[in-house]
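Chemist: Any chance you can model this:
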Amino acid sequence: MAITTTPAIAPFGAVVIHRTVGALTAFATAIREWNHARRTVNALRRLKADLLEDIGLTRADI
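Modeler: Next up, the predicted model:
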């Protein structure tokens, strides 16, 4: 005799919450990455040309 299981179906509210949390998490991650890139560019813009050259960059690279 084989044991069969039926797949559990999540309630509609749980699916909505799961998708909402996923979307908010993705949004927060995108904001953090954008802010990190913004801060990096600002720090590089404050460096003098000779310091940029030391790390292999030019003003055009920023």
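Chemist: could you say which helix or strand contains Val15?
Modeler: Here Val15 sits within helix 12-46, counting by DSSP states H and E.
Chemist: Also Thr5?
Modeler: Short version, using DSSP H and E: Thr5 is in no helix or strand.
Chemist: Let me know how buried it is, in neighbour terms.
Modeler: 5 (other Cβ atoms under 10 Å). Any C-beta I mention is one placed from the backbone N, CA and C, and that applies to glycine too.
Chemist: Pull the contacting residues for Thr4.
Modeler: Contacts for Thr4 (Cβ atoms under 8 Å, 6 or more residues apart in numbering) come out as none.
Chemist: separation between it and Ala10?
Modeler: 20 Å (Cβ to Cβ, to the nearest Å).
Chemist: ok, now Ala23?
Modeler: 17 Å.
Chemist: following the helix holding Val15, which helix or strand shows up next?
Modeler: helix 49-54.
Chemist: What are the buried residues along that next one?
Modeler: Leu52 (16 or more other Cβ atoms under 10 Å).
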